[in-house]
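**Q** the sequence and its predicted three-dimensional model are supplied below.
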Amino acid sequence: MNWNSLQEFASMGGYGVYVWGACLVSFAALACETWLVHRRVRRAILALDRNGEDR
């Protein structure tokens, strides 16, 4: 497809709401997963540090 303007690109031939909505949901899910993994790793490291000090 050829788009002559930014507005035509954003509308994606009438499917822009679905395309950009899907992109937004996907990026939000990836960001949430990245944050949750980071939090899980940080908590695991803290738990290991606490267990190591008890010995």
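**A** Noted; the coordinates are in hand.

**Q** chain center to the host helix or strand of Ala47, what's the gap?
**A** Assessed by DSSP states H and E, Ala47 sits inside helix 16-53. Mean-position distance between helix 16-53 and its chain equals 8 Å (Cα atoms, centre = their mean, to the nearest Å).

**Q** now that helix: average pLDDT?
**A** Across helix 16-53, pLDDT averages out at 94.

**Q** same question for that helix: list its buried residues.
**A** Going by neighbour count (16 or more other Cβ atoms under 10 Å), nothing in helix 16-53 comes out as buried. Every residue, glycine included, has its C-beta placed from N, CA and C.

**Q** Three-state assignment for Asn4, please.
**A** coil (DSSP: H, G, I helix; E, B strand; the rest coil).

**Q** read off the pLDDT value for it.
**A** 88.

**Q** and it, backbone torsions?
**A** Backbone dihedrals for Asn4, given as degrees, to the nearest 10, come out at phi -100, psi -10.
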